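Chemist: give me a model of this one.
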Amino acid sequence: MAAKFAFVRYLLDQVKDVVPVSYIKNFTSTSLTDFDKSRAYLVRWKDSNGDDSESDYYKAQILMLDVSEENIPMRKNTSRIRVPKVFDTSVEDSSSDSESDVVASATKTTEELTKKKKERKKLADASNRSNLQSILTESLKNKRKNQLFPEKELAGCTECKLMRTTVTTQRKHLDDQQTTIQKLRAQKKKDELQLSLYRQLNIRLQTRLLDEEEPVTGRKRPCMELAGKVRSVPNPSTGRAHSTPIKGPSDTDQAASSAATTSSSAAASDSDHSDVSFSVENDKINIGGDIWLPLARWNLLMSRPKHSIFVKSLMTAIWGTEGLKGKSIEGRACPRKVQGEVRTPKPPLTPAKVKVVRDCFIHRLQTMKLSEPERQLELKRLNTYLTEKLQDVMRPPKETK
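Modeler: Purely as a prediction, here's the structure:
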């Protein structure tokens, strides 16, 4: 069945309309579905006043065909019409001159419409700018007319002048403070550099005094402050120096004055008295039992803050770590019994060296001027310190991560 009317959509302005099939250029249909929705056709414009004889052709898309014009609105209301995108906007070529004229006219009309759109956009932009400018001008006039801050009153206001002066003064004061802060920071950095330099020089001086100290000629040394006042006197028979206490001008008086107060405590117990005699020779010190230690190491031992650290470090200096392994204090077996285990006694430490450790520890307590109860309490802890050190050397070394 041949179609007589078509429902089309013009691509230029998206207008939809019902036109006769004769308005479609170079189009014939044998059925109501003989058309392609995805392509464009040249369709004459249908004028509203009915005079279509001089209307131009425009590109359009065919959406529906029917034999009657009245059936198309009914079909539109019955089902939704699919409007696909038109990818092929080219039209079929025609050898007739009228078709080329139609295409040229359509192109010209398109250019004119585009030009008019641009002109309308320019006019709208200019109008918007003019409106904005007028709005800003009006707003500025309203602000100037505001009576809350009249310009004449502000110019002659005494309080305002005073406020301006105060603000200026505070700003100047703030700038001065910032300048002072910057100077103080620079001075602080300079002082820190000087302090660091003085510290380094002090460390070097102390190291030099410990490493290059000459034989004592009556002046105090770091060792003497901690170990007592001792000087070395060469022995003609042996050629080795022996120790002789050095007494100052007031030592005799002090000994006489304190004899009455200390006689009772000395008589009560002789076990806390140290009979070790220190002697210094060639930067080494004899701490008793013919045991010689470097003078710097002895000073380091005496400067330990805790008594336990002093005893343990002194044991390492006398026996060495390997010499302490597998030893006990008196050579007795451990009293703790474990079922099925036979404990054999470990070899004891050298008694003479243990006595040296005890004498040095008593001497340390005496130089620290502890009270009698405190001294007795620390002496009771001596065996505990010795046992802890022997246990420490038997522990396996910690694994480094």
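Chemist: residues in contact with the residue nearest to Ser31 when sequence neighbours are not counted?
Modeler: Counting by CB to CB, 6 or more residues apart in numbering, the nearest residue to Ser31 once its immediate chain neighbours are dropped is Met1, at 6.3 Å. Bear in mind the C-beta positions are built from the backbone N, C-alpha and C, glycine included. Neighbouring residues of Met1 by CB atoms under 8 Å, 6 or more residues apart in numbering: Ser31, Leu32, Val67.
Chemist: list only buried entries from the residues you listed.
Modeler: Of the members of the contacts of Met1, none is counted as buried by neighbours, 16 or more other CB atoms under 10 Å.
Chemist: now those residues as TSV including distance to Tyr41?
Modeler: What follows is the contacts of Met1, written out as TSV (distance: CB to CB, whole Å):
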residue	distance to Tyr41
Ser31	17
Leu32	16
Val67	19
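Chemist: all strands in this structure, in order from the N-terminus.
Modeler: Secondary structure of the chain (DSSP state E): strands located at 5-10, 16-20, 41-44, 57-66, 230-234, 241-245, 279-281, 284-286, 292-294.
Chemist: will you turn those strands into JSON lines that also has mean neighbour count?
Modeler: Formatted as JSON lines, the strands of the chain follow (neighbours: other CB atoms under 10 Å):
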{"stretch": "strand 5-10", "mean neighbour count": "21"}
{"stretch": "strand 16-20", "mean neighbour count": "16"}
{"stretch": "strand 41-44", "mean neighbour count": "22"}
{"stretch": "strand 57-66", "mean neighbour count": "22"}
{"stretch": "strand 230-234", "mean neighbour count": "15"}
{"stretch": "strand 241-245", "mean neighbour count": "15"}
{"stretch": "strand 279-281", "mean neighbour count": "19"}
{"stretch": "strand 284-286", "mean neighbour count": "20"}
{"stretch": "strand 292-294", "mean neighbour count": "16"}
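Chemist: so for Lys325, which of those sits nearest?
Modeler: Lys325 lies closest to strand 292-294 among the strands of the chain, at 21.1 Å (CB to CB).
Chemist: now that closest one: average pLDDT?
Modeler: Mean per-residue pLDDT for strand 292-294: 91.
Chemist: could you do stretch 384-395 as well?
Modeler: The model assigns stretch 384-395 a mean pLDDT of 89.
Chemist: I'd like the distance from that stretch to the chain centre, please.
Modeler: Chain-centre distance of stretch 384-395: 43 Å, with CA atoms, centre = their mean, to the nearest Å.
Chemist: which helix runs longest in the protein?
Modeler: The residue-count maximum for a helix in the chain (DSSP state H) belongs to helix 158-211.
Chemist: that one packs against which elements?
Modeler: With contacts defined as 3 or more CB pairs under 8 Å, 6 or more residues apart in numbering; DSSP states H and E, helix 158-211 has these neighbours: helix 295-302.
Chemist: next, the angle from the helix it packs on to helix 158-211.
Modeler: Orientation check (axes from the mean of the first three to the mean of the last three CA atoms, to 10 degrees): helix 295-302 against helix 158-211 gives 120 degrees.
Chemist: what packs against helix 295-302?
Modeler: Checking 3+ CB pairs under 8 Å, 6+ apart, helix 295-302 ends up next to helix 158-211, helix 222-227, strand 284-286, helix 307-319.
Chemist: average pLDDT for the shortest one?
Modeler: Which is strand 284-286. Mean predicted confidence for strand 284-286 is 89.
Chemist: partner strands of it, with direction?
Modeler: strand 279-281 (antiparallel), strand 292-294 (antiparallel) (DSSP bridges).
Chemist: can you add distance to Val357 and give the ones you listed back as CSV?
Modeler: Below are the strands paired with strand 284-286 laid out as CSV (distance: least, CB to CB, whole Å):
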stretch, distance to Val357
strand 279-281, 18
strand 292-294, 12
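Chemist: ok, back up a step: and of the strands of the chain, who's closest to Lys190?
Modeler: strand 292-294 (39.6 Å).
Chemist: any regions of this structure where pLDDT drops low?
Modeler: Applying pLDDT under 70 to the chain picks out residues 48-54, 88, 92-106, 146-157, 211-276, 337-341, 399-401.
Chemist: among the helices and strands packed on helix 295-302, which is nearest Cys334?
Modeler: Closest among the helices and strands packed on helix 295-302, using CB to CB: helix 307-319, at 19.6 Å.
Chemist: in a markdown table: the strands of the chain, plus distance to Asp359.
Modeler: Below are the strands of the chain laid out as a markdown table (distance: least, CB to CB, whole Å):
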| stretch | distance to Asp359 |
| --- | --- |
| strand 5-10 | 119 |
| strand 16-20 | 121 |
| strand 41-44 | 124 |
| strand 57-66 | 118 |
| strand 230-234 | 14 |
| strand 241-245 | 13 |
| strand 279-281 | 14 |
| strand 284-286 | 12 |
| strand 292-294 | 14 |
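Chemist: which of the ones you listed sits closest to Ser371?
Modeler: strand 241-245 (24.0 Å).
Chemist: neighbours of the nearest residue to Gly326 once chain neighbours are set aside, just the number please.
Modeler: Sequence neighbours aside, Lys346 is the residue nearest to Gly326 in space, at 5.9 Å (criterion: CB to CB, 6+ apart). By other CB atoms under 10 Å, the residues close to Lys346 number 17.
Chemist: kindly report the same for Ile362.
Modeler: Neighbours around Ile362, by other CB under 10 Å: 20.
Chemist: ditto for Asp290
Modeler: 9.
Chemist: how near is the nearest residue to Thr387 once chain neighbours are set aside to Gln194?
Modeler: Distance criterion CB to CB, 6+ apart; nearest residue to Thr387, sequence neighbours excluded, is Ile329 at 6.7 Å. Distance of Ile329 to Gln194, computed by CB to CB, to the nearest Å: 53 Å.
Chemist: for Leu386, same thing?
Modeler: Leu386 is 47 Å from Gln194, by CB to CB.
Chemist: go on, Ile362?
Modeler: For Ile362 relative to Gln194 (CB to CB), the value is 44 Å.
Chemist: cool, Thr28 as well?
Modeler: Between Thr28 and Gln194 the computed distance is 108 Å (CB to CB).
Chemist: same deal with Asn286?
Modeler: 42 Å.
Chemist: Arg75: which of the strands paired with strand 284-286 is closest?
Modeler: That would be strand 292-294 among the strands paired with strand 284-286, by CB to CB, at 117.0 Å.
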